[in-house]
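# Got a predicted structure plus its sequence, pasted below:
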Amino acid sequence: MTVIGLRCTGWNPQVQGLYQQLQPCADRVVVLPDARTAGPCPTGLNVEDWAPVLPALLPIQADRLPANYGWRCGDLAFYTLQRHLEQLGVQPSFFWLVEPDVAFLMDPLAFFAPFQNSDTDFLAQGIRPSDESSMWHASMLPYGPVMRCQFPLVRLSRRALALCLLRRRQQLADSVEPDRDCPNDEALVCSTVFNAGMSVSTLEQTHPGCFRYFSTTAAYPDTPTFRQHARGQVVHSLRDWPDFEKKHFLWKAKYVEPTQWPAYFSRRLKACQPWLSPAEYDQLHALLLARGYLPNTA
């Protein structure tokens with residue numbers, strides 16, 4: 001049985017399109033909005049708002065969670081998904097979780113089909129050891145070697161999910177300052193499963209060459225030019241043009257020394273050129289000039 005949870009912060013055309021795309025791939029697709037930020041979802045869907053059920057799942061005081069847990073602790077959506085299905089009398093062996101800005105620019109049925117008969121406990125893209133450069137490394141280090149992965153598209157087994165819930169409960173109980181020392185989803189889940197000796201596999205092992213545009217630090221524009229360029233790929237994060245400008249360029253400025261802006265943004269803009277139309281490239285160049293991130297050589 002294939003079950004997919006779709007995380008979202010609101011019902012919009014992109015989420016609706018992904019929901020419809022996933023429907024043929026699963027026996028059940030459950031929408032998992034964070035009601036603190038999400039607007040209402042249409043009636044008739046499988047919907048479970050995960051914020052209200054967390055006290056029963058964890059159980060903890062609300063102030064033990066970091067303020068940004070909806071983005072940071074995606075594993076909480078996994079536990080909500082399992083609880084929702086159990087209340088319906090459904091007990092699948094495996095659970096998929098998909099973020100709303102994942103895009104299947106390939107046949108999604110062809111993506112999910114090879115995993116139907118897989119009993120691997122944890123599937124994710126980019127599973128690898130962590131190091132001190134990771135923001136969440138120190139918070140998971142007390143529990144053993146730290147691993148990391150890309151969390152926008154992952155699958156967990158029932159037994160792995162149970163172990164991760166226990167670890168999240170323990171970690172929250174141990175936490176002194178949740179906003180500072182609460183690890184994110186990828187660090188907690190990947191490390192917990194790996195250190196328990198459970199089976200893990202990367203998605204790219206099954207679909208080599210299909211994750212060239214899959215990143216948690218980059219964004220890609222939902223434009224005809226990019227979609228044509230990236231045919232056959234699983235993409236993250238696919239954004240409308242204004243969000244692409246912000247996530248891929250404008251929000252990066254605060255992490256770069258102003259003296260390094262010209263070199264940094266020139267490299268970033270040049271790397272985008274293969275999948276931008278000439279007009280799109282000129283528009284971005286003008287934006288970066290106007291913000292002072294590129295030198296005006298005119």
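Noted; the coordinates are in hand.

# Going by C-alpha atoms from here, please, whenever you check contacts or count neighbours.
OK.

# Give me the neighbour count for Pro24.
Residues near Pro24, counting by other C-alpha atoms under 10 Å, number 12.

# That one belongs to a strand, doesn't it?
No. Per DSSP: H, G, I helix; E, B strand; the rest coil, Pro24 lies outside any strand segment and is helix.

# what sits against it?
Counting by C-alpha atoms under 8 Å, 6 or more residues apart in numbering, Pro24 makes contact with Leu109.

# doesn't Ala138 make contact with Glu132?
Yes. Using C-alpha atoms under 8 Å, Glu132 is in contact with Ala138, at 7.1 Å.

# Between these two, which has more neighbouring residues?
More crowded of Glu132 and Ala138, by other C-alpha under 10 Å: Ala138, with 16 against 10.

# if I look at Thr217, how far off is Lys252?
Distance, Thr217 to Lys252, by C-alpha to C-alpha, to the nearest Å: 9 Å.

# of the two, who's got more company?
Lys252 (15 against 10).

# Go through stretch 235-242 and flag the buried ones.
Residues Val235, His236, Ser237, Leu238, Arg239 are the ones in stretch 235-242 that count as buried (16 or more other C-alpha atoms under 10 Å).

# how long is that stretch end to end?
18 Å.

# Contacts for it, please.
101-105, 152, 211-216, 218-223, 244.

# quick one: which of those residues sit in strands?
The strands, defined by DSSP state E, take in Ala103, Phe104, Pro152, Tyr220, Pro221 from the contacts of stretch 235-242.

# got those residues as JSON lines, with neighbour count columns?
Listed next are those as JSON lines, based on neighbours: other C-alpha atoms under 10 Å:
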{"residue": "Ala103", "neighbour count": "24"}
{"residue": "Phe104", "neighbour count": "21"}
{"residue": "Pro152", "neighbour count": "23"}
{"residue": "Tyr220", "neighbour count": "27"}
{"residue": "Pro221", "neighbour count": "21"}
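
# mind giving me TSV with those residues and columns for pLDDT?
Converted to TSV, the ones in strands among the contacts of stretch 235-242 look like this (pLDDT from 0 to 100):
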residue	pLDDT
Ala103	98
Phe104	98
Pro152	98
Tyr220	98
Pro221	98
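
# So which of the residues you listed is the closest to Cys272?
Tyr220 (8.8 Å; C-alpha to C-alpha).

# which residues touch that closest one?
Tyr213, Phe226, Val235, His236, Ser237, Leu238, Arg239, Phe244, His248.

# just the strands in the stretch 51-200 of the chain please.
Ranges of strands within the stretch 51-200 of the chain are 94-98, 103-104, 122-129, 147-157, 200-202, based on DSSP state E, counting those that start in this stretch.

# Which among those strands is found nearest to Cys8?
Per C-alpha to C-alpha, nearest to Cys8 of the strands of the stretch 51-200 of the chain: strand 94-98, 9.0 Å.

# picking that back up, save the buried residues of stretch 235-242 as a markdown table, and put in distance to Arg291 too.
Below are those laid out as a markdown table (distance: C-alpha to C-alpha, whole Å):
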| residue | distance to Arg291 |
| --- | --- |
| Val235 | 28 |
| His236 | 26 |
| Ser237 | 23 |
| Leu238 | 23 |
| Arg239 | 21 |
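
# Which of the residues you listed fall in strands?
Per DSSP E, the subset of the buried residues of stretch 235-242 in strands is Val235, Leu238, Arg239.

# Tabulate these (TSV), appending distance to Ala124 and pLDDT.
Output for these, formatted as TSV (distance: C-alpha to C-alpha, whole Å; pLDDT from 0 to 100):
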residue	distance to Ala124	pLDDT
Val235	14	98
Leu238	18	98
Arg239	21	97
